[in-house]
Each structure stands twice: as C-alpha cells, then as structure tokens.
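>>> Provide a 3D model corresponding to the input given below.
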Amino acid sequence: MIIKLERIKLQTRKSEEAINITPQVEDVVAKSGVQNGVVNVMTSHTSSGLLVTEGIPCLEEDILTHFSRLFPEEADYHHRRYLDFDGRMGFNADAHLKSILGGISCMFPIENGKVVKGSRQTIYFMEYDGPLERMYFVQVLGE
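This is a model prediction of the structure:
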C-alpha cells in the first residue's frame, strides 16, 4: 500500500475566486506511483472550499454570484463581533458559510494511474475570503 500526502500552497488573487486545480491533483497522482486506489483533496482553511463541477468561466461566475446572494458580506451575522478567544473582530461569517455549503473536500478513484472523473468534471479551489496564501492537501492511497 502506498500513501502519499502533498501540501500545495496557492496564492489567491481576489476576494472570491474559483481556481482550477485539476492539473495539480492529476500531477500528484501521476508522480505517486499509485495505479489503483483513491485520491482525496482537502482545503486546510475554514473560509475556502473545494467544488467539483463543469469547468467553464460562466459557471464559475454563477457559483460565486449565487453564493454571494445566499450569504451577503454585510449581513447581520452573530460572528460579526469581538472574539475574545481570538483578540479580534469576526468579519467573515459569509466566507465560513460558503465553505460549509460548498464543502471542503472531494475524492476520486484512481485506475491505471489516472484520476477517474467525468469528462467535464473540474476540481476547483474556492477562495471566499482572499486574497491570501492558502494550502490544500492531496492524499493518494493505493497500490
């Protein structure tokens, strides 16, 4: 059994954006030596996420637009207050809620050394609270 974990840093450029990370995930799988198994991808942040959907710019914009309608930045959130444990103001409840709704991980099978996914499936790192330096994990398990 092979188990490989890669930590990948990513510098986001906007307050909210969808970044295609499919090539990086496929590269980690290819370099792992795993022929049959699974790959799990996970963000390490509570105000970002991972989504799998069709990889086209208009859909990327639709996702971000509709998440912003569901969770407007300036809404009256309980999180918008001084956080004693953190020593600062909570200001990004909308980003946390988008992360919860969209999810923080995805998993795909690996067969014959390749990620098995639909022809239009694209893996996106979703920034909801940037720009920031972010990190996500790609773990490959198999033989």
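
>>> Which parts of this protein are helices?
Taking DSSP state H as the test, the helices found in the chain are 22-32, 57-70, 93-102.

>>> To residue 79, which of the ones you listed lies closest?
Between residue 79 and the helices of the chain, the tightest spacing by Cβ to Cβ is seen for helix 93-102, at 3.6 Å. In short, each C-beta sits where N, CA and C put it, glycine included.

>>> Contacts for the closest one next, please.
Around helix 93-102, the neighbours that count as contacts under Cβ atoms under 8 Å, 6 or more residues apart in numbering are 43, 45-51, 63, 67-68, 70-73, 75, 77-80, 126, 128-129.

>>> Show me those residues that map onto strands.
Secondary structure of those is defined by DSSP state E; positions in strands are 43, 48, 49, 50, 51, 126.

>>> which residues does the spatially most central residue of the chain bridge with?
Nearest residue to the geometric centre of the chain (Cα atoms, centre = their mean): residue 50, 2.5 Å. Here residue 50 shows beta-bridge partners residue 125, assigned using DSSP bridges.

>>> List the pairing partners of the helix or strand of the chain with the lowest mean pLDDT within its sheet, with orientation.
Considering only helices and strands, the least confidently modelled element of the chain by mean pLDDT, DSSP states H and E is strand 88-89, at a mean of 74. Using DSSP bridges, the neighbouring strands of strand 88-89 in the sheet come out as strand 82-83 (antiparallel).

>>> pLDDT and distance to residue 18 for the ones in strands among the contacts of helix 93-102 - can I get that in a markdown table?
Listed next are the ones in strands among the contacts of helix 93-102 as a markdown table, based on pLDDT from 0 to 100; distance: Cβ to Cβ, whole Å:
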| residue | pLDDT | distance to residue 18 |
| --- | --- | --- |
| 43 | 98 | 13 |
| 48 | 98 | 11 |
| 49 | 98 | 10 |
| 50 | 98 | 10 |
| 51 | 98 | 7 |
| 126 | 98 | 6 |
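
>>> Pull out the buried members of these.
Burial by neighbour count, judged by 16 or more other Cβ atoms under 10 Å, picks out 43, 48, 49, 50, 51, 126 from the ones in strands among the contacts of helix 93-102.

>>> thinking again about what came up before, next one: the residue nearest to the centre of the chain relative to residue 126, how far apart?
The gap separating residue 50 from residue 126 is 7 Å, by Cβ to Cβ, to the nearest Å.
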